[in-house]
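Trainee: One predicted model, sequence on top.
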Amino acid sequence: MNAGPAAAAEPVRHHRGKILVVDDDSSLAEMLTIVLRNEGFEPRVCSSGDRAMAVVREFKPDVVLLDLMLPGKDGVDVCREIRHESGVPIIMLTAKSDTVDIVVGLESGADDYVVKPFKPKELVARLRARLRKFEESAPEALEIGDLVIDVAGHTVKRDNEPLSLTPLEFDLLVCLARKPWQVFTREVLLEQVWGYRHAADTRLVNVHVQRLRSKVEIDPENPQIVMTVRGVGYKAGDPVGTR
Amino acid sequence: MSPFARLAPGLRSAGYLAAAPVRQVAGMWRRSIQARVVIGTVVLSTILTLLAGWILLRQVTTGLLESKELTSIAQARSGAVTAQAKLDGAELTDQFAIGPLLKGLVETLAPRDAAREDFSVVIVGPLAPAQPDAAATGGSRSSGDIVPEASIPASLMQKVTSEPGTWWVFTRVVFGDGALDPVPGIAVGSQISVTGTGQRYGLFYVYPLSEQQQSLFVVRGALITTGALLVVLLGVVAWLVTRQVVTPVRLARRIAERLAAGRLEERMHVRGEDDIARLGISFNQMAGSLQRQIRQLEELSRVQQRFVSDVSHELRTPLTTVRMAADVLHDSRLDFDPATARSAELLQAELDRFEGLLTDLLEISRFDAGAAVLDLSRVDLGAVARRVVGDNRALAELRGSTITVITPPTASPQGAPSCTAEVDIRRIERIVRNLVVNAIEYGAGGDIEVRVAGSDDAVALSVRDHGIGLKPGEETLVFNRFWRADPARARTRGGTGLGLSIAVEDTALHAGTLDAWGEPGQGSVFRLTLPKRAGDRPGRSPLPLIPAERLPMPVGAPYARYPHDHRRGGA
């Protein structure tokens, strides 16, 4: 979608979402601001990791764009800090495409990553995928294992005790729960949850399934909610309650 | 060195027939210094002991016999003198009185105490010079129970018959009653004559040497026992001594093996200050210096990797900004005047190239640093080929080429070997993309065929184009970094010049092979062969390198060479 002239887009902005850019490179940050504003987002820049948490609390962004290499507090630490308080979607900006760096970033709580140098359209596509949940909210209740999901209310409960999931983990769980008969390959999950058109990095799926299991499974070593189908992918566990 | 060294191969070839123990011993001889020293010592000391024993036995025998000979001859001589004197003094009335006289003589000369002096006296005669044979003479009279005819050798009889005097010879004494086995003995003979008749008789003393033989048996037994004991003891000593040397050597070998396996902190225990201890000290110094140098290299490699990683970050951040700025300009190029608009387009295109170059350079430096690792999964090569070809169909159509993917029938009842292998999909896709894009770029608008096939232990993919082809010798050059087929036209082509180099590195990481064939004007073939299971070596490639229609050349075509022969050793 092409954004119109800046003045005409003014009222739309809040619907498109607030983006916090945490990056110490002022040129890149400014360029990101220009591109994001052109696309109709409301960007804010924070140039140091130490202040990032404070800005998150005050600005309440819909998505955080986080550079992994920051002066002062490291991007990975900032990521953990934010995840500690909030489930806000975090997209890492990284210059390193090595396996280790990306896995460390994802394990610290990032939902997705973009490797520099990226094309603006690529970044916007990733942002849109993270903001998609604002566009869909039909009332719907799902069961997976011994969990009950209220899709519209965005809550997951076990024995009426709510579990705290990030939006991405929630999306992943809902995606599996909606078609309990289907085995999802990693590629399909990448497309449905992350919004990748064609197969990308399946490590994203692996890391997030691990994180999700650590939150929803009673025994993560012996998963009952997110089942692994060897050599294929994942599927939802059978509902337990017959209510 | 020793005759055994030359014997060993013979032993080995004989081992096909001989039982396993022979081979075992031969193997031990080849492998163990200790066994060689012990066996050598035992063999040599056996030879020496046998030699010494033989000499000793000879000397003892000589010593024992010499005295017996002397006393025997002296006794026989004096006996002969006595007998002659008795005959001379006797008055022979008639010819027949000689019989009792001789009988009496024998009795006189015979030993009085048979237990102390063990010999027999025999008088044979009368002697006939023409027939010097005991049996042919006029009979014999003897003391003791020996058989005179058998115990007195013919040679002695002849000597005594023909010449006067005393003669002696070794013989075998045969006893009359057959209760005793024949024993070695000495026979001494003298001629005596009867004065009146002039008849001559032979007086023989026969000494059985049973006592001496007994002594020799005892000595020989003692020698054998001592010799055997000596050989065994020498073997044990050799074993103990060599163990002192071999044990530290074996220890050093074990430590060296551990060092070679990468446990660089292993060292030898050093005790004392002998040669072995000095070997240990030198060994440890060598290990220490190796460890230091390896650590240094590792450190350098780490620094290099770190540097590449930092440079990558430092380059990528400004590149991202430039890229986004160019994108913004590119999006609004319709508002610019034609020159500025074209500039924006060029900027965009060159940024793509720059980005590709940066990515490829980083990938190559990662290979050079040995930091590349495989992320394995089971992948169908046919699916990869179809996907890559699908992605590049637009580019192919732009160049006027048609790409066909030829895969073996999947649902064949005989179960044709699958094209699924354990590979890193990202790398394999990159290789295939490189080969396909290359074929499109250099295919001169001709048709392109991508073939996929599998065998029991390998999968292969080949890309055939009908473009400008390769000149002789270029089959290996194409894999060189920044190599271009035609320098004059190089700039008009896309690509970074690193694509095939990266493909070769990716293939090497999978322990596969990537090779090329080409003829000028006939197009080229690039063939990728990968093992089905990670870590195996691929056997024969399931696909031919040279297309069938270009095969008048014999197998082993002069230009088909394997690029992996020219690569660095480590990946």
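Mentor: That came through, no problem.

Trainee: For residue B:208, what are phi and psi?
Mentor: phi -70, psi 140 (degrees, to the nearest 10).

Trainee: ok, what's across the strand from it?
Mentor: Beta-bridge pairing for residue B:208 (DSSP bridges): residue B:185.

Trainee: so where is the stretch 101-250 of chain B shaky, pLDDT-wise?
Mentor: Residues of the stretch 101-250 of chain B meeting the criterion pLDDT under 70: B:113-117, B:128-139, B:178-179, B:196-197.

Trainee: Residues of it that sit close to chain A?
Mentor: Proximity of the stretch 101-250 of chain B to chain A, by CB under 8 Å from any CB of the partner chain, involves no residues. C-betas here are computed from N, CA, C, even on glycine.

Trainee: for the stretch 101-250 of chain B, what spans make up the strands?
Mentor: For the stretch 101-250 of chain B, the strands defined by DSSP state E, counting those that start in this stretch cover B:120-124, B:140-142, B:166-173, B:183-193, B:200-208.

Trainee: Report the buried residues of the shortest one.
Mentor: Yep, that's strand B:140-142 we're talking about. B:140, B:141, B:142 (16 or more other CB atoms under 10 Å in any protein chain shown).

Trainee: Quick check, central residue of the chain?
Mentor: Because you didn't say which chain, this covers chain A. By CA atoms, centre = their mean, the mean C-alpha position of chain A lies nearest to residue A:111, the distance being 3.6 Å.

Trainee: State the pLDDT value of that residue.
Mentor: Note on residue A:111: pLDDT of 88.

Trainee: backbone phi and psi for residue B:532, please?
Mentor: The phi/psi pair for residue B:532 (degrees, to the nearest 10) is phi -70, psi -40.

Trainee: Also residue A:41?
Mentor: phi -90, psi 170.

Trainee: Does it touch residue A:21 like I think?
Mentor: No - at 10.0 Å, residue A:41 does not count as touching residue A:21 under the criterion of CB atoms under 8 Å.

Trainee: remind me which residues of chain B are low pLDDT?
Mentor: B:1-19, B:91-97, B:113-117, B:128-139, B:178-179, B:196-197, B:309, B:410-416, B:485-495, B:551-571.

Trainee: Measure how buried residue 166 is and give me the count.
Mentor: Reading this off chain A. A count of nearby residues for residue A:166, using other CB atoms under 10 Å in any protein chain shown, gives 20.

Trainee: actually it's chain B I care about, not the one you picked
Mentor: 19.

Trainee: who's in contact with it?
Mentor: B:73, B:76, B:77, B:80, B:188, B:189, B:190 (CB atoms under 8 Å, 6 or more residues apart in numbering or on different chains).

Trainee: Please, a PyMOL command that selects the buried ones among those?
Mentor: Buried subset of the contacts of residue B:166, written as a PyMOL selection, criterion 16+ other CB under 10 Å:
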select buried, chain B and resi 73+76+80+188+189+190
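
Trainee: about what we covered before: the more surrounded of residue A:41 and residue A:21?
Mentor: Using other CB under 10 Å, the more surrounded residue of residue A:41 and residue A:21 is residue A:41, with 26 against 22.

Trainee: Can you check the pLDDT for the more buried one?
Mentor: 91.

Trainee: What separation do you get for it and residue B:152?
Mentor: Remark: distance between residue A:41 and residue B:152 (CB to CB, to the nearest Å) = 140 Å.

Trainee: Then residue A:216?
Mentor: 122 Å.

Trainee: So if I had to pick from these two, which one is more boxed in?
Mentor: residue B:152 (26 against 23).

Trainee: From residue B:272, how far out is residue B:452?
Mentor: Taking CB to CB, one finds residue B:452 at 67 Å from residue B:272.

Trainee: These two: who's more crowded?
Mentor: residue B:452 (24 against 9).

Trainee: Are we agreed that the more buried one is in a helix?
Mentor: No - Residue B:452 is assigned strand when assessed by DSSP: H, G, I helix; E, B strand; the rest coil, not a helix.

Trainee: Quickly list what it is bridged to.
Mentor: residue B:461.

Trainee: Please identify which helix or strand holds residue B:529.
Mentor: strand B:523-531 (DSSP states H and E).

Trainee: Would you mind pulling up the elements that that strand packs against?
Mentor: Here strand B:523-531 touches strand B:420-424, helix B:425-442, strand B:458-465, helix B:499-509, strand B:513-519, going by 3 or more CB pairs under 8 Å, 6 or more residues apart in numbering or on different chains; DSSP states H and E.

Trainee: mind running it again at 6 Å?
Mentor: strand B:458-465, strand B:513-519 (3 or more CB pairs under 6 Å, 6 or more residues apart in numbering or on different chains; DSSP states H and E).

Trainee: How far does the last one sit from its chain's centre?
Mentor: Distance of strand B:513-519 from its chain centroid, counting by CA atoms, centre = their mean, to the nearest Å, is 39 Å.

Trainee: what's the answer for the first one, then?
Mentor: In terms of CA atoms, centre = their mean, the centre of strand B:458-465 is set 42 Å apart from its chain centre.

Trainee: Tell me which residues are up against it.
Mentor: Residues outside strand B:458-465 that contact it (CB atoms under 6 Å, 6 or more residues apart in numbering or on different chains): B:381, B:385, B:419, B:421, B:435, B:439, B:443, B:448-453, B:523-531, B:538-539, B:541-543.

Trainee: Run the chain-centre distance for stretch B:427-439.
Mentor: With CA atoms, centre = their mean, you get 47 Å for stretch B:427-439.

Trainee: Burial check on the residue nearest to residue B:143 when sequence neighbours are not counted, number of neighbours?
Mentor: In this structure, residue B:143 finds its nearest non-sequential neighbour in residue B:110, 3.4 Å apart by CB to CB, 6 or more residues apart in numbering or on different chains. Using other CB under 10 Å, residue B:110 is surrounded by 17 other residues.

Trainee: and after whatever helix or strand residue A:27 lives in, which helix or strand comes next?
Mentor: Using DSSP H and E, residue A:27 maps to helix A:26-38. On the C-terminal side of helix A:26-38, the closest following helix or strand by DSSP H and E is strand A:42-46.

Trainee: Next, the buried residues of that following strand.
Mentor: A:42, A:43, A:45, A:46.

Trainee: Out of those residues, which comes closest to residue B:169?
Mentor: In terms of CB to CB, no member of these lies closer to residue B:169 than residue A:46, at 129.8 Å.

Trainee: Nearest spatial neighbour of that closest one, chain-adjacent residues omitted?
Mentor: Per CB to CB, 6+ apart, closest to residue A:46 is residue A:55, 4.5 Å.

Trainee: Which pLDDT value does the model give the one you found?
Mentor: On the pLDDT scale, residue A:55 gets 91.
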